[in-house]
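# Give me the fold of what follows.
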Amino acid sequence: MKADPFAQLRLLDVQQLDSRLDALEHQLRSMPEHARLTELGRQRAEVSDTIRDLQVQVSDLTAEQEKADADVEQVKARRERDRTRIDQGLITNPKDLERMNHELVSLERRINDLEDAEIEVMSALEDAQGALRDASAQAADLDAEIAEVTGARDERGHAVQAEAREVRHERELTIDGVPEDLVALYTRLREQKGGVGAAALHRRQCSGCMLTLDAAVLASITAAPTDEVLRCEECNRILVRTGESGL
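Numbering: from 1, shown residues only. Purely as a prediction, here's the structure:
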């Protein structure tokens, strides 16, 4: 392949710009905010699960407390009704009166048992409500941090993307005039060689694979026409001669 020596030198500039674009893309992908947001998202999902479970628990305990309250009030109402009948002298039969007094004792025990159960439910409900408040506060803190980290990521990302746009624009200007077949070869090699398709021959060394060329290879390079597109014998990249090649 033949190409003007100046076009080959320009290809090195294109390679430098492409390497910068690769670095910027890596910078975008590896921003520390990405990892932090992933961790925050995991924590937020766990807290959301906890909140959902606690909401169900609070709802169940609220219904249980309402039932306990109703049970206590129902038994108390029956006790008051029986007391009123006794106090008003409506129970005249001695056996009925004795039975009624026994029933009042039983109702009193029943009320005590129900009130104990009611207190247990109220305590459990208060604990669940407190845990729900704590989890909701934790969720709010996580949401605030997610918003903060997202803002920092976006700000950093916008700066990197702005620089990448400038580099791409400069690349368009630089690659203009480079022969299409040389660009095609360079592009193919870049895909195969980890992003480096063209390397300078610098002080008898390929800057792509860092191989120092022996005298025989250097002699053949020196004898080659200046417009011949050379390839490194070791890495097969396009090897561009410069003023610092050491030839």
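# After the helix or strand harbouring residue 166, which helix or strand is next? Please name it.
In the assignment (DSSP states H and E), residue 166 maps to helix 94-175. Downstream of helix 94-175, the next assigned helix or strand under DSSP H and E is helix 180-192.
# Now the element after that following helix, going C-ward?
Defined by DSSP H and E, the subsequent element after helix 180-192 is strand 198-202.
# Taking helix 180-192 as reference, get the angle to that next one.
90 degrees (axes from the mean of the first three to the mean of the last three C-alpha atoms, to 10 degrees).
# for strand 198-202, what is the average pLDDT?
In this model, strand 198-202 has a mean pLDDT of 95.
# Okay, now the sheet partners of that strand, with direction.
Sheet pairing of strand 198-202 (DSSP bridges) gives strand 205-206 (antiparallel), strand 238-241 (parallel).
# Helix or strand: which one has the most centrally placed residue in the chain?
For the chain, the residue nearest the mean C-alpha position is residue 38 (2.1 Å; C-alpha atoms, centre = their mean). With elements taken from DSSP H and E, the one containing residue 38 is helix 32-87.
# tell me what that helix is packed against?
helix 94-175 (3 or more C-beta pairs under 8 Å, 6 or more residues apart in numbering; DSSP states H and E). (Glycine included, C-beta is placed from N, CA and C.)
# Which strands or helices does the helix it packs on pack on?
Applying 3+ C-beta pairs under 8 Å, 6+ apart, one finds that helix 94-175 makes contact with helix 5-29, helix 32-87.
# swap the cut-off to 10 Å and go again
helix 5-29, helix 32-87, helix 180-192 (3 or more C-beta pairs under 10 Å, 6 or more residues apart in numbering; DSSP states H and E).
# okay if I get those helices as TSV plus mean pLDDT and distance to residue 122?
As requested, the helices and strands packed on helix 94-175 are arranged in TSV below (pLDDT from 0 to 100; distance: least, C-beta to C-beta, whole Å):
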stretch	mean pLDDT	distance to residue 122
helix 5-29	96	53
helix 32-87	93	6
helix 180-192	97	70
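# Of all those helices, which one comes closest to residue 242?
Nearest to residue 242, of all these, is helix 5-29, at 6.8 Å by C-beta to C-beta.
# Sort out which residues of the closest one are buried, please.
7-18, 20-21, 24 (16 or more other C-beta atoms under 10 Å).
# hang on, isn't residue 21 packed against residue 172?
No: using C-beta atoms under 10 Å, residue 21 is not in contact with residue 172; the gap is 11.8 Å.
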